[in-house]
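> sharing a model that was predicted from the sequence below.
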Amino acid sequence: MPQHIRADEVALRDVSAGYPRRPVLHQLTAHIPQSATTAVVGPNGSGKSTLLSVLAEVLPLTSGTVERAGTGRPGLVVQRSAVADTLPLTVRDTVAMGRWALRGSWRRLTAHDWSVVGDSMERLGVRSLAGRQLGELSGGQRQRVLVAQGLAQEAGLLLLDEPTTGLDAAARQGIAAVLHEISADGVTVVQATHDVAAALDSDHCLLLRDGRLVAEGTPADVLTDEELKRAWHFPQPAG
Ligand SMILES: Nc1ncnc2c1ncn2[C@@H]1O[C@H](COP(=O)(O)OP(=O)(O)OP(=O)(O)O)[C@@H](O)[C@H]1O
């Protein structure tokens, strides 16, 4: 690993990736800063979730390189729609699944694991919901539980797919505040989002279009009216 890559800083060079007979990312070169929040923005189908899968090391590259000095599996928090409402899981079980990712689901969780689960629920304000079924929560509560599950993984690189989509401003700000707190603690946070307000609140921003990087930098520099129009092919409100 090159010396200049810091722990959980990520450098993508000429990355191409996709699915069988469906190339999605094309020669993408980008930088994800360590201990900061990065928003990945772009229209539907531009490749945001595919990029998260590449960063999560669950989708192989067809060419290019991804360099990350950090060890341990990246943490991945998927969209809430991917979690079946019918599963008989409590909030505590759901957050504890973040520890199984580390221990293996056949191992008993230790007192330390349960303490991390409790802290993660506390941080997202869902500890009082610990015994409730996931399927009976509101959308905003469920999103917070899933972010708590990501936190419980104690990963140096935390990847979140649309963590604030569909949430009201207060819930969105609550999640944004936690993401900033954990990045200040040293976690590198990447979120794919359609939420321009959430993206503007990030430290760094990647704008994708048709699987290519069209802009990278501070959100204020990247999310200009001109870039948004270019990415979406038509005028887009930036508020
Ligand atoms: N498992 C898959 N198999 C085949 N093609 C896929 C798969 N997942 C996504 N795609 C395709 O890859 C392209 C990029 O999808 P991706 O989900 O990465 O985009 P996105 O920017 O996250 O979109 P959205 O904003 O709608 O969530 C799309 O054309 C999509 O149809």
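Ah, there it is. All figures in this text were calculated on a predicted structure; none of them were measured in a lab.

> doesn't residue 94 belong to a strand?
No - applying DSSP: H, G, I helix; E, B strand; the rest coil, one finds residue 94 to be helix, outside a strand.

> what is the burial count for it?
24 (other Cβ atoms under 10 Å). Backbone N, C-alpha and C define where each C-beta goes, glycine included.

> which pLDDT value goes with residue 106?
For residue 106, the pLDDT comes out at 68.

> was I right to think residue 60 contacts residue 17?
Yes - if you go by Cβ atoms under 8 Å, residue 60 and residue 17 touch, sitting 7.1 Å apart.

> what about the closest residue to residue 232 other than its chain neighbours, which SS state?
The shortest distance from residue 232 to any non-neighbouring residue, by Cβ to Cβ, 6 or more residues apart in numbering, is to residue 43 (5.3 Å). Put simply, residue 43 is coil when judged by three-state DSSP.

> same check, this time on residue 147
From three-state DSSP, the assignment for residue 147 is helix.

> what about it, neighbour count?
Residue 147 has 26 neighbours, counted by other Cβ under 10 Å.

> one more: the one 3 residues further on?
Neighbourhood size, residue 150 [other Cβ under 10 Å]: 27.

> could I get the contacting residues of it?
Contact partners of residue 150, counting by Cβ atoms under 8 Å, 6 or more residues apart in numbering, are 75-77, 98, 158, 160.

> CA atoms only for the strand or helix carrying residue 227 - export them in PDB, please.
Assigned by DSSP states H and E, residue 227 falls within helix 225-232. Once non-C-alpha atoms are left out, helix 225-232 reads as follows in PDB (Å, rounded to 0.1, in the frame of the first residue of the first chain):
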ATOM      1  CA  ASP A 225     -26.800  25.400 -10.500                       C
ATOM      2  CA  GLU A 226     -24.700  24.800 -13.600                       C
ATOM      3  CA  GLU A 227     -23.400  21.400 -12.500                       C
ATOM      4  CA  LEU A 228     -26.800  20.300 -11.300                       C
ATOM      5  CA  LYS A 229     -28.400  21.200 -14.600                       C
ATOM      6  CA  ARG A 230     -25.600  19.500 -16.500                       C
ATOM      7  CA  ALA A 231     -25.900  16.300 -14.300                       C
ATOM      8  CA  TRP A 232     -29.700  16.100 -14.500                       C
END
